[in-house]
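S.K.: return a 3D structure for these sequence lines:
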Amino acid sequence: MAVEQQNGGAAHEEIEKRIKALNKKLKQIEGLKEKGTDQLDAEAQEKVASEAALRKEVKELEAQKKNGKRPAAAAAAAEPPTPVAVEEAPAAPEEPEPVVEEKAPEPELNDEEKEKRAKGIRKKL
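M.R.: I've put the predicted structure just below:
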């Protein structure tokens with residue numbers, strides 16, 4: 001019984017955190033809308049376009065919080081929604097692949113240096 005209460009409390013906290021994060025995003029969207037949508041870059045326009053989905057998710061999470069349940073749909077809802085593309089940017093011209101410089105081989109180490117490096121690695125572990 002105690003384990004169920006702990007799991008329920010953890011799920012409740014998780015829902016609270018998600019609601020708080022979504023409300024923060026919604027406040028950012030309100031700020032962007034005040035600036036005017038015609039002055040926004042593509043990323044900001046995507047945020048504004050996702051407002052309805054965010055509001056819907058907040059309502060669903062609040063309902064789950066009231067019911068005290070966490071159905072499988074809630075796990076999927078916990079993931080951030082995929083932003084909707086407003087318009088596609090023109091394709092950039094293809095650039096040639098950069099030339100990869102080869103690294104010079106490391107010099108061979110004597111036994112003393114090998115042991116020194118091995119100790120350093122063991123110490124980190």
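S.K.: buried ones in the longest helix that the chain contains, by neighbour count?
M.R.: Among all segments of the chain classified by DSSP state H, the helix with the greatest residue count is helix 2-35. Buried residues in helix 2-35, counting neighbours by 16 or more other Cβ atoms under 10 Å, are found at 11, 15, 18, 19, 22, 25, 26, 29, 32. For glycine as for every other residue, the C-beta is placed from the backbone atoms N, C-alpha and C.
S.K.: in CSV: these, plus distance to residue 112.
M.R.: Output for the buried residues of helix 2-35, formatted as CSV (distance: Cβ to Cβ, whole Å):
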residue, distance to residue 112
11, 56
15, 58
18, 55
19, 59
22, 58
25, 57
26, 62
29, 62
32, 61
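S.K.: what would those look like in JSON lines with pLDDT?
M.R.: Formatted as JSON lines, the buried residues of helix 2-35 follow (pLDDT from 0 to 100):
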{"residue": "11", "pLDDT": "79"}
{"residue": "15", "pLDDT": "88"}
{"residue": "18", "pLDDT": "91"}
{"residue": "19", "pLDDT": "91"}
{"residue": "22", "pLDDT": "92"}
{"residue": "25", "pLDDT": "91"}
{"residue": "26", "pLDDT": "91"}
{"residue": "29", "pLDDT": "86"}
{"residue": "32", "pLDDT": "83"}
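S.K.: C-terminal to the least confident helix or strand in the chain by mean pLDDT, what's the next element?
M.R.: Here the helix or strand of the chain ranked lowest by mean pLDDT, DSSP states H and E is helix 72-77, holding a mean of 50. Later in the chain than helix 72-77, the nearest helix or strand by DSSP states H and E is helix 111-124.
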